[in-house]
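Colleague: take a look and give me a structure for this.
(one chain, ligands or ions: 1)
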Amino acid sequence: MRLSLLAAFTAALLVALLAPGAAAKTVDLTVEAREGDCPRGTYCFVVTSGAAEDIAPGDTVDVRFVNTGDTVHEFLAAPLADADDGHTNTPESVAIAESQENMAPGAEDNVTFTAPEGDGLYFWCGVSGHESLGMWLEVSYAEAGDGEDTPLPAWLPAAAALLVALFRRGGR
Ligand SMILES: [Cu+2]
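Modeller: Got it, this is the predicted structure:
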């Protein structure tokens, strides 16, 4: 009885360790709306904190959006596949999350959503003309198996094999 409990516990532990893909997590990002100091274009969104590259489908994405510019901006998020290829007029109708509209200079807002299935996310400013000035950002999802998984301890397979052997002997 004691052995079978131990084996069951070990089996549960193995399943937890070997299960593909870590459980959904929360990724906190700070995204700044800028009107200069941009990698491309005049305007831009820049991730100033948080690991956007770690986002995977099913994760909770918690964005702190900060308008550091001198005019109004707003934040929208959509599945990457729904973005306008030319980065000029992605329709607001494809947004899965959005900040307050026309946020004043210096204003902040928090936007939380669940990352949908697909290749990634698209963030853009919904104020007319701003997307075409460069105020957009593409975020590709983390590749499966990247990062978060806990590596297996080297002794675990041997311990599991031993326990299974003991369990089989004890069960007869
Ligand atoms: Cu804007």
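
Colleague: what's the domain layout of this protein?
Modeller: 2-20+149-171, 26-140 (automatic domain parsing).

Colleague: helices of the protein, start to end?
Modeller: 2-18, 156-171 (DSSP state H).

Colleague: which of these comes out lowest on mean pLDDT?
Modeller: With a mean of 65, helix 2-18 has the lowest mean pLDDT of the helices of the chain.

Colleague: and the closest residue to residue 90 other than its chain neighbours, how far is that from residue 61?
Modeller: Residue nearest to residue 90 in three dimensions, not counting chain neighbours: residue 84, with 4.3 Å by CB to CB, 6 or more residues apart in numbering. C-beta coordinates here come from the backbone N, C-alpha and C atoms, glycine included. Distance, residue 84 to residue 61, by CB to CB, to the nearest Å: 21 Å.

Colleague: go on, residue 130?
Modeller: Separation of residue 130 from residue 61 (CB to CB): 21 Å.

Colleague: check residue 83 too.
Modeller: 16 Å.

Colleague: and what of residue 4?
Modeller: As judged by CB to CB, residue 4 and residue 61 stand 43 Å apart.

Colleague: of the two, which one has the most company?
Modeller: Taking other CB atoms under 10 Å, residue 4 and residue 61 do not tie; residue 61 has more neighbours (23 against 12).

Colleague: ok, that one - contacts?
Modeller: 26-27, 29, 55, 77, 112-115, 121 (CB atoms under 8 Å, 6 or more residues apart in numbering).

Colleague: can you count the residues close to residue 108?
Modeller: With other CB under 10 Å as criterion, residue 108 counts 14.

Colleague: what's the nearest residue to it if we skip its chain neighbours?
Modeller: residue 66 (5.0 Å).

Colleague: ok, that neighbour touching residue 29?
Modeller: No: using CB atoms under 8 Å, residue 66 makes no contact with residue 29, being 10.9 Å away.

Colleague: mind listing the strands for this protein?
Modeller: Counting by DSSP state E, residue ranges of the strands within the chain are 26-34, 44-49, 60-67, 76-79, 97-98, 108-114, 120-124, 136-140.

Colleague: tell me, what residue is most central in the chain?
Modeller: Centroid check for the chain by CA atoms, centre = their mean gives residue 55 as the closest residue, at 2.0 Å.

Colleague: that residue and residue 141 touch, don't they?
Modeller: Yes: with contact defined as CB under 8 Å, residue 55 counts as touching residue 141 (5.9 Å).

Colleague: quick check: residues of the protein near the ion?
Modeller: Contacts of the chain with the ion, taken as CB under 5 Å from the ion, map to 73, 125, 127, 130, 135.
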